[in-house]
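[1] Predicted coordinates and the sequence they were generated for:
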2 protein chains.
Amino acid sequence: MTKFQVTILGCGSAMPTTLHNPPSQLIEMNDKLFMIDCGEGTQLQMRKFKTRIGKLHSVFISHLHGDHIFGLPGLISTLSLLGRKNDLNIYAHKEIDFLITPLIAYMGKHLTFKVNIIPLDPDKVDIIFENRAIKVTSFPLKHRIDTNGFIFEEKESLRHIIREMIDFHQIPYNQIYDIKNGADFVKSNGEVIKNNILTYQGSPAKRYAYCSDTAYAPEIIPYIFKADLLYHEATFAESELLRARETYHSTARQAAEIAKEAEVKKLVIGHYSSRYNELGFLLKEAVAIFPDTELATEGKIFEL
Amino acid sequence: MTKFQVTILGCGSAMPTTLHNPPSQLIEMNDKLFMIDCGEGTQLQMRKFKTRIGKLHSVFISHLHGDHIFGLPGLISTLSLLGRKNDLNIYAHKEIDFLITPLIAYMGKHLTFKVNIIPLDPDKVDIIFENRAIKVTSFPLKHRIDTNGFIFEEKESLRHIIREMIDFHQIPYNQIYDIKNGADFVKSNGEVIKNNILTYQGSPAKRYAYCSDTAYAPEIIPYIFKADLLYHEATFAESELLRARETYHSTARQAAEIAKEAEVKKLVIGHYSSRYNELGFLLKEAVAIFPDTELATEGKIFEL
């Protein structure tokens, strides 16, 4: 599989600070960019980090708190100034209508492309996007309002052919696809060449899980189990556990506990409360439970 | 008069760049902050430049292109998170409803204050705000859609009393206000003490004029005549004069010509096209016509 990486555009929370932008990130898979959440200033961050806005495929919105959506009008407007022609699909709670529909009506004929709102079901696990190489699943998180987490995953890749063996057995081109899918080759004389002589296994399919915003919710573990990378919100330090509970957010320690129970390969924490200028202690609290934890920062890229 | 200053929060144009934010500026007068335009990221710029969001009095929107208004949802939402109680007046074209009304409906009971939209008349000169010390006037600019310029001006300040003379003539407190307004003092024996013995002239009232976005429009000169500071858009260099005409924008040279004809004290240019990485030549073109010209930059403060 080609590049699979996550770029953090913003990892702050409701109240913007001089240190962190409101939530947004870009998932690059298979030469396409998928955006998760779109806080105010997201298009400015895309410029800053020189991401390729022309490759933006679609947008996935976890929930409708302002810090996750107020970048959409500017993004849509700029895509239109740039002359985008392809539809833009926005996967979000259906109430996002309140922001998008009046904007589209106001822009009218100036809008160069169509915006489709694809409503998410906040209560169940759903495959919401799928093509030959990629699958995106949404699942319920536990927040003050309906909120969805997302899994971006590669599909099982095809087996790689061994060119020399294909040539040696003079296998016709029209059979290559079946062989990549695991078929044996039957020669005209009836001899069977086993698939494992002709191919070797493709690279394993990888999975990225996004969980923000959410209270500590062990019930999500089956969805994110053994993900290669988990982004989990860690709005608060353990000293603010009560505040985390009240506001349906997580502490860094809780994020790490989810990562540990879910046996993910790596954890990235973010969505920091505006009260924290320094984040070392959040990292420390997480690492104590789950050693392979990193702090999100604007501009940081995580490769899967 | 107390402080009167303009802080540039953004001086880019429709397409954001890594160098400039979308338009917004803050006018500080009489210990209040007035905002003109509110492009995406304005509240983030307020944080960055440590302006005091709690002092925000009202917002003046020149026109409804996205780069001048898409910061409003985030600003309103943050003011509410901060617990603002005072009404927020937004002076703008009445169609701004499309952005504000659905937002307020969506925020519902979470919004801690009332937002009032005060519609601007795009066709005439109008005093739109006035208190004891300040007057704000709107006037028509010449753009692709209805657009207003603004004048922020101090009112003629009262005369300053000469404390020693007041004491010497034993003038009662209840007469001081009249004397500050220019009245003579009549003693109980009928003797008249002339006002100019009791007071000296207050500092002259100052005026700030904002003209963006606009084509070259000499018809605005009467409104901005002899302003202490003029902000005039200069989207293009003279080499793009045709493009400026087509899009109803100005060149730096045209901005300077307006400044010269209007006999303003100082000109600040901004609203730069995203095509320019370097602005020295725009400044050069303006200075050739009007020497006291400065380039706007994010974070720059102009004192009147």
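    Happy to help now that I have it.
[2] Confirm that residue A:127 sits in a helix.
    No: going by DSSP: H, G, I helix; E, B strand; the rest coil, the assignment for residue A:127 is strand, not a helix.
[3] Residue of the stretch 151-300 of chain A closest to chain B, please.
    residue A:274 (9.4 Å; Cβ to the nearest Cβ). Heads up, the C-betas are built off the backbone N, CA and C, glycines and all.
[4] Would you agree that residue is in contact with residue A:11?
    No: Residue A:274 is beyond contact range of residue A:11, at 11.9 Å (criterion: Cβ atoms under 8 Å).
[5] who's more crowded, those two?
    Using other Cβ atoms under 10 Å in any protein chain shown, the more surrounded residue of residue A:274 and residue A:11 is residue A:11, with 28 against 17.
[6] give me the number of residues near the closest residue to that one other than its chain neighbours?
    Nearest non-adjacent residue to residue A:11, counting by Cβ to Cβ, 6 or more residues apart in numbering or on different chains: residue A:270, 3.4 Å away. When neighbours are counted by other Cβ under 10 Å, residue A:270 registers 27.
[7] now residue A:56
    20.
[8] Next up, the contacts around it.
    A:33, A:35, A:79, A:88 (Cβ atoms under 8 Å, 6 or more residues apart in numbering or on different chains).
[9] thought residue A:285 was touching residue A:237?
    Yes: with contact taken as Cβ under 8 Å, residue A:285 and residue A:237 are classed as touching, separated by 6.2 Å.
[10] Enumerate the residues of the stretch 1-150 of chain A near chain B.
    Counting by Cβ under 8 Å from any Cβ of the partner chain, the stretch 1-150 of chain A comes close to chain B at A:14-18, A:21-22, A:40-41, A:43-44, A:47-48, A:64, A:66-67, A:70-71, A:73-74, A:77-78, A:81, A:95, A:98-99, A:102-103, A:105-106.
[11] Drop anything exposed from those residues.
    Buried members of the residues of the stretch 1-150 of chain A next to chain B, scored by 16 or more other Cβ atoms under 10 Å in any protein chain shown, are A:14-17, A:21-22, A:40-41, A:43-44, A:47-48, A:64, A:66-67, A:70-71, A:73-74, A:77-78, A:98-99, A:102-103, A:106.
[12] quick one on the thing from earlier: show me whatever sits in contact with both of residue A:274 and residue A:11.
    Joint contacts of residue A:274 and residue A:11 (Cβ under 8 Å, 6+ apart) are residue A:20.
[13] picking that back up, show me the contacts of residue A:56 that map onto strands.
    Among the contacts of residue A:56, DSSP state E puts A:33, A:35, A:88 in strands.
[14] Could you dump those residues into JSON lines and include distance to residue B:211, neighbour count and pLDDT?
    JSON lines is the format used below for the ones in strands among the contacts of residue A:56 (distance: Cβ to Cβ, whole Å; neighbours: other Cβ atoms under 10 Å in any protein chain shown; pLDDT from 0 to 100):
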{"residue": "A:33", "distance to residue B:211": "38", "neighbour count": "19", "pLDDT": "97"}
{"residue": "A:35", "distance to residue B:211": "36", "neighbour count": "25", "pLDDT": "98"}
{"residue": "A:88", "distance to residue B:211": "35", "neighbour count": "21", "pLDDT": "98"}
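[15] Relative to residue A:210, which of those is nearest.
    residue A:35 (11.1 Å; Cβ to Cβ).
[16] ok, back up a step: Throw the contacts of residue A:56 into a markdown table and include distance to residue B:175, thanks.
    As requested, these are arranged in a markdown table below (distance: Cβ to Cβ, whole Å):
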| residue | distance to residue B:175 |
| --- | --- |
| A:33 | 73 |
| A:35 | 68 |
| A:79 | 66 |
| A:88 | 69 |
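[17] with those residues in mind, which one is nearest to residue A:247?
    residue A:35 (24.9 Å).
[18] Span of stretch A:9-18 from start to end?
    Taking Cα to Cα, to the nearest Å, stretch A:9-18 runs 14 Å from one end to the other.
[19] Return the distance of it from the chain's centre.
    Remark: stretch A:9-18 is offset 18 Å from the chain centroid, using Cα atoms, centre = their mean, to the nearest Å.
[20] So, low pLDDT: which residues of the stretch 1-150 of chain A?
    Scanning the stretch 1-150 of chain A for pLDDT under 70 picks out the ranges A:1.
[21] Specify the residue positioned farthest from the middle of chain A.
    residue A:189 (49.8 Å; Cα atoms, centre = their mean).
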